[in-house]
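Q: Here is my input; please provide its structure:
(2 chains)
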Amino acid sequence: MSKKFYLYSVLIAFIVVAPFVFPDFKTQLATVWLMIIVALTWDMTGGQMGYNSLGNITFYGTGMYVAAVVTIALVYDVGEYNNAFGGGIYAFTSQQYFLGLILGTVAAGLFCSLIAVIIGFITFGLRGPYFAIGTLGVAIAAGELVSNWDWVGGGQGIALPVFPGDYDVGKVMFYFLFAGTGVILFVFAKWLYSTRFGAAINAIRDDEEKAEAMGIHTLQYKLAAWAIAAFFVGVAGAISAFQLIHFEPLETAYQTINLGIFMVVCVLLGGAGTLWGPVVGAILFHVFKEVTWNYLLGWQWVALGALIVVTVVYFQGGVVGWVMDKYPHWFGLSRVAEDVAEDEQS
Amino acid sequence: MTSILDVTNVSKSYGGVAANTDISLSVKKGAITGLIGPNGSGKTTLFNSIVGYHPIDSGSIRFEGLEISKMPVQKIARLGLLRTFQQTRIYGQMNGIDNMLISLPHRKMRFVDAFSRNGSEEHERAESLLEFVGLYEKRFLRAGSLSFGQQKLLEFAMALMNEPTGLLLDEPTAGINPTLINGLIDRLRRANEEFGITLFVIEHNMRVIMNMAEHIYCLAHGQLLAEGTPSEIQNDQRVIDAYLGAH
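A: Predicted coordinates for the structure are as follows:
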């Protein structure tokens, strides 16, 4: 068995025992996984394909709403439920809860893929910063739209049923839902980047005009990549909805200035366009965020801004990119300078 | 012999600047055809028109009998008509092998094929073509770290990997060390003879184009000035005047 096998075994073992070894940090660990999921999916279009989206939060929010609506609709009338204002009593059996959790999560992923294709069809005509601003606009518009839609509770948001069972067991379940999704996403991304699909989206990043000139179906690949990313963000949103129990549109679901930006920072911090970069970045970012939010309260946004500035100015390749640059032979990249210099004399 | 590419009365202007006026030419199947002309005479504009980079104002462009003047770039590329760029374009962050593998002909692929890996057959083809252009030793270097001349060779190899029927080359020898040029001429010829690719070449280096091409078109001020065999072109007073600035 190779060294890699042992490394991955240790990692998997750690993931499994973590919530039991650190019982006070179950929700924190779950949030780390959420950050890993949104960072990895952001990197699919941002780092690997060169399309920096600021609108991926749309899928997070939409995932929450789709999961909630599906869960409620299985038992009650959605409009009535969301506008009861505490007037009615709506109980869910544990069977209804878990059915809603499963169906709602799957529906959220699929629906988000669908809207990614629709939004992508329009916004992928934009390049560079225009794409970023365009998708940001979509996210803000989606949040405003939903917050004015009474059927889904308007600005009040939606309250979902509570986990039927022990509170601590619920926490463990949500940890494993996020961790499972994260692991599946990581393995999927690792495989995807090794296929021709991965090569094609990298080609689009490096030179889209060249890719077009070589006959690559660029739009098809862009839509597929975003739809895949949206699926996982939607699933993460759905799980979050059940974990948070109550969410409202602008601050929780379509939280453009929080999670919507954090996912970008995670990737930049860890290293865009690498498989491990977003994972490393998400972990570092979350630790940094929790430390500053606890010990530098009042200055936490300043600290975050400073972190972004330092990353962008000094570590443009992120942590992983910086290590790759220093020790290319660890990654099987040979970049012998003399080789390049003697080029045309041979 | 039949022609593979027919350009008929094509005009293209940018605002008030007429880059191409009423140009008609045809490229014979299986041959090497040259396109020369002083700087700014509209050669690259004509190439861009042919491969669909911008719409033309009037005229018709046919590839293997099919009207392509209104098709987008990707569709024309998938028909088997490729171009290389004057300002070389390769995928800078990938290594040489990956650059070659991504250039596999997508017209022969279904969407599901994108989710499989390249087999040893594709790798061998990539390596043998890199060997063909003399870049085998550098195949694991990041393409962006190659010199300009090497990137040019890589771009040529990538075009061959795509198995086109017609290939438009925009100044293939520009920026390449003079001692390497002979080797490149030889490779272009072999690409033409062994792989059966029709070549249409923009070239400033007269020695190269006169050696290689069967038939040459000369543009000046956006208009077709002369055409003929290399020796006819060399002895054409109008061509000489255009190059010396008498026009």
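Q: give me the number of residues near residue 178?
A: Reading this off chain A. 24 (other Cβ atoms under 10 Å in any protein chain shown). C-beta coordinates here come from the backbone N, C-alpha and C atoms, glycine included.
Q: ah, I was thinking of chain B
A: 10.
Q: B:Ile176 now?
A: As a burial measure, B:Ile176 scores 21 neighbours (other Cβ under 10 Å).
Q: ditto for the one 5 residues further on
A: A count of nearby residues for B:Ile181, using other Cβ under 10 Å, gives 16.
Q: Could you report the neighbour count for the closest residue to it other than its chain neighbours?
A: Distances taken as Cβ to Cβ, 6 or more residues apart in numbering or on different chains put B:Thr173 closest to B:Ile181, at 5.2 Å, once the chain neighbours are dropped. Other residues lying near B:Thr173 total 22 when counted by other Cβ under 10 Å.
Q: Kindly report the same for A:Leu297.
A: With other Cβ under 10 Å as criterion, A:Leu297 counts 8.
Q: Is it in a helix, a strand, or coil?
A: Here A:Leu297 is recorded as coil under DSSP: H, G, I helix; E, B strand; the rest coil.
Q: Just the pLDDT for it.
A: On the pLDDT scale, A:Leu297 is placed at 83.
Q: Quick check: it vs chain B, distance?
A: Counting by Cβ to the nearest Cβ, to the nearest Å, the gap from A:Leu297 to chain B is 41 Å.
Q: what's the answer for A:Asn56, then?
A: Separation of A:Asn56 from chain B (Cβ to the nearest Cβ): 22 Å.
Q: which SS state does the residue in the stretch 1-150 of chain A that chain B sits nearest to fall under?
A: Distances between the stretch 1-150 of chain A and chain B by Cβ to the nearest Cβ are smallest at A:Gly50, namely 9.9 Å. A:Gly50 falls in the coil class when you classify it by three-state DSSP.
Q: Correct me if wrong: it contacts A:Arg205.
A: Yes. With contact defined as Cβ atoms under 8 Å, A:Gly50 reaches A:Arg205; the gap is 3.3 Å.
Q: Please name the nearest non-neighbouring residue to the residue of chain B found nearest chain A.
A: For chain B, the residue closest to chain A is B:Ala77, as judged by Cβ to the nearest Cβ, at 3.3 Å. Among residues not flanking B:Ala77 along the chain, A:Gly215 sits closest, at 3.3 Å (Cβ to Cβ, 6+ apart).
Q: Tell me who's in contact with the one you found.
A: Taking Cβ atoms under 8 Å, 6 or more residues apart in numbering or on different chains, we find A:Gly215 in contact with B:74, B:77-78, B:82, B:105-107, B:162.
Q: from those residues, which ones fall inside strands?
A: Among the contacts of A:Gly215, DSSP state E puts B:Leu82 in strands.
Q: Just list whatever residues bridge to the residue nearest to B:Val51 when sequence neighbours are not counted.
A: Leaving out its chain neighbours, the residue that sits closest to B:Val51 by Cβ to Cβ, 6+ apart is B:Arg83, at 4.8 Å. Under DSSP bridges, the beta-bridge partners of B:Arg83 are B:Leu168.
Q: For B:Arg83, grab the count of nearby residues.
A: 26.
Q: what sits against it?
A: Contacts of B:Arg83 (Cβ under 8 Å, 6+ apart): A:213, B:47, B:50-51, B:167-170.
Q: And the spatially closest residue to B:Phe47 that is not a sequence neighbour, how far from A:Ile57?
A: The spatial neighbour of B:Phe47 that comes closest, neighbours along the chain excluded (Cβ to Cβ, 6+ apart), is B:Leu168 at 5.3 Å. Per Cβ to Cβ, to the nearest Å, B:Leu168 is found 44 Å from A:Ile57.
Q: Give me the residue ranges of chain B where confidence is low.
A: For chain B, applying pLDDT under 70 flags the ranges B:1, B:245-247.
Q: Show me where it has its strands.
A: Taking DSSP E as the test, the strands found in chain B are B:3-14, B:17-28, B:32-36, B:58-63, B:66-67, B:81-83, B:166-170, B:198-202, B:215-220, B:223-228.
Q: Equivalent analysis for chain A, please.
A: With DSSP E as the criterion, chain A has strands at A:158-159, A:246-247.
Q: what number of residues lie near B:Gly59?
A: 18.
Q: State the distance from it to B:Thr198.
A: Distance of B:Gly59 to B:Thr198, computed by Cβ to Cβ: 21 Å.
Q: Neighbours of the residue lying closest to B:Glu203 once chain neighbours are set aside, how many?
A: Spatial nearest neighbour of B:Glu203, chain neighbours left out: B:Ile209 (4.1 Å); criterion: Cβ to Cβ, 6+ apart. B:Ile209: 22 surrounding residues under other Cβ under 10 Å.
Q: Could you do B:Val17 as well?
A: By other Cβ under 10 Å, 11 other residues sit near B:Val17.
Q: could you list every residue that touches it?
A: Residues counted as contacts of B:Val17 (Cβ under 8 Å, 6+ apart): none.
Q: which residues does it bridge with?
A: B:Tyr14.
Q: Can you add distance to A:Tyr81 and neighbour count and give the contacts of B:Arg83 back as a markdown table?
A: Putting the contacts of B:Arg83 into a markdown table (distance: Cβ to Cβ, whole Å; neighbours: other Cβ atoms under 10 Å in any protein chain shown) gives the following:
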| residue | distance to A:Tyr81 | neighbour count |
| --- | --- | --- |
| A:Ala213 | 54 | 23 |
| B:Phe47 | 63 | 20 |
| B:Ile50 | 62 | 23 |
| B:Val51 | 58 | 22 |
| B:Leu167 | 64 | 24 |
| B:Leu168 | 63 | 25 |
| B:Leu169 | 67 | 25 |
| B:Asp170 | 64 | 21 |
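Q: Dump those to CSV, plus distance to B:Gly15.
A: Formatted as CSV, those follow (distance: Cβ to Cβ, whole Å):
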residue, distance to B:Gly15
A:Ala213, 25
B:Phe47, 20
B:Ile50, 21
B:Val51, 22
B:Leu167, 31
B:Leu168, 25
B:Leu169, 29
B:Asp170, 23
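Q: Among those, which one sits closest to A:Phe5?
A: Within the contacts of B:Arg83, proximity to A:Phe5 (Cβ to Cβ) peaks at A:Ala213, which comes in at 42.1 Å.
Q: Look at residue 153 and say how many residues are nearby.
A: This is for chain A. Neighbour tally, A:Gly153, other Cβ under 10 Å: 26.
Q: That was the other one, I meant chain B.
A: 25.
Q: do the same with A:Trp299
A: Other residues near A:Trp299 come to 12 when the count uses other Cβ under 10 Å.
Q: any idea which helix is longest in the chain?
A: Answering for chain A, as no chain was given. With residue count as the measure and DSSP state H as the assignment, chain A has helix A:94-123 as its longest helix.
Q: wrong one, I was asking about chain B
A: helix B:178-194.
Q: Buried residues, that helix. List them.
A: B:180-181, B:184-185, B:187-188, B:191-192 (16 or more other Cβ atoms under 10 Å in any protein chain shown).
Q: again with stretch A:197-212
A: Neighbour-count burial for stretch A:197-212 [16+ other Cβ under 10 Å]: A:197-208, A:210-212.
Q: filter these by proximity to chain B?
A: A:197, A:199-200, A:202-203, A:205-207, A:210-212 (Cβ under 8 Å from any Cβ of the partner chain).
Q: hmm, back to that, which of the buried residues of helix B:178-194 sit farthest apart?
A: Greatest spatial distance in those: B:Leu180 and B:Asn192, 18.5 Å, computed using Cβ to Cβ.
Q: A:Ile216 reaches A:Ile204, doesn't it?
A: Yes. Assessed by Cβ under 8 Å, A:Ile216 is found in contact with A:Ile204 at 7.5 Å.
Q: For A:Lys190, which non-adjacent residue is spatially closest?
A: Closest residue to A:Lys190 apart from its sequence neighbours, by Cβ to Cβ, 6+ apart: A:Leu275 at 5.8 Å.
Q: which residues does the one you found contact?
A: Per Cβ under 8 Å, 6+ apart, neighbours of A:Leu275: A:186, A:189-190, A:193.
Q: what about A:Phe247, how many residues close to it?
A: Per other Cβ under 10 Å, the neighbour tally for A:Phe247 reads 23.
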